[in-house]
Structures are given as C-alpha cells and as structure tokens.
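Participant: I need the structure of the sequence given here:
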Amino acid sequence: MELIAKGTFYRDVAAYTNRYLLQAVFDAMHNVENAKSVALVHNIKKLRKYKNLYRIKVADDYRIGLIIRKHTVWFVRFGHRSAFYKYFP
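Facilitator: Residues are numbered from 1 along each chain as shown. This is a model prediction of the structure:
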C-alpha cells in the first residue's frame, strides 16, 4: 500500500516525546505499508457512518486516524483516545 502522511499527523506525532509510543507508531505505519489488504492490518477498525475512515489502536490509549482509498493510505491524525475523536473525523 502507498502511504501518505498529512501535516496534521506530523504535528500530532511531534508533540509526543515518549520513545516507546513513537516506536509503536512507526511499527503501525510499517505494518500498514506491508499489508496486502486492510483486513491484514493489526488493530484496525472501520469507523461507523463513514465509508473510508479507519482507526488503528496504538499502545492501548492512543489512536491513529486513517483514510483508505483503493491502495492509498493517508495518515491524518494521532492522539490520545480522550481527544482523538474530537479532531477525527
């Protein structure tokens, strides 16, 4: 799959300094890149009411927001679950 990270995703990730959390984000991105289909990505879930919006659960309390269209994946947002759903979608 082709990966595209938006500026909001970069800003969200840059706000965190925890090395283990950032490694978990990197691992999730690597997992998405190597997956042949959406079903093979670990901890991914489709958001209700939206056609192509997904979230990946990272480190229990953090989420990555994705838009998936055909073979292109946009990484849109990253954050703690308490604030994540305020900004995504």
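Participant: Find the nearest non-adjacent residue to the spatially most central residue of the chain, please.
Facilitator: Nearest to the geometric centre of the chain sits residue 64, at 2.7 Å (CA atoms, centre = their mean). Once flanking residues are discounted, residue 64 sits nearest to residue 56: 4.4 Å by CB to CB, 6 or more residues apart in numbering. All C-beta atoms are positioned from the backbone trio N, CA, C, and that covers glycine.
Participant: doesn't residue 43 make contact with the one you found?
Facilitator: Yes: assessed by CB atoms under 8 Å, residue 56 is found in contact with residue 43 at 5.4 Å.
Participant: quick one: the strands in this protein?
Facilitator: 2-5, 44-46, 53-58, 62-69, 72-80 (DSSP state E).
Participant: Is it possible to get a markdown table of these that adds mean pLDDT?
Facilitator: Formatted as a markdown table, the strands of the chain follow (pLDDT from 0 to 100):
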| stretch | mean pLDDT |
| --- | --- |
| strand 2-5 | 92 |
| strand 44-46 | 94 |
| strand 53-58 | 95 |
| strand 62-69 | 95 |
| strand 72-80 | 95 |
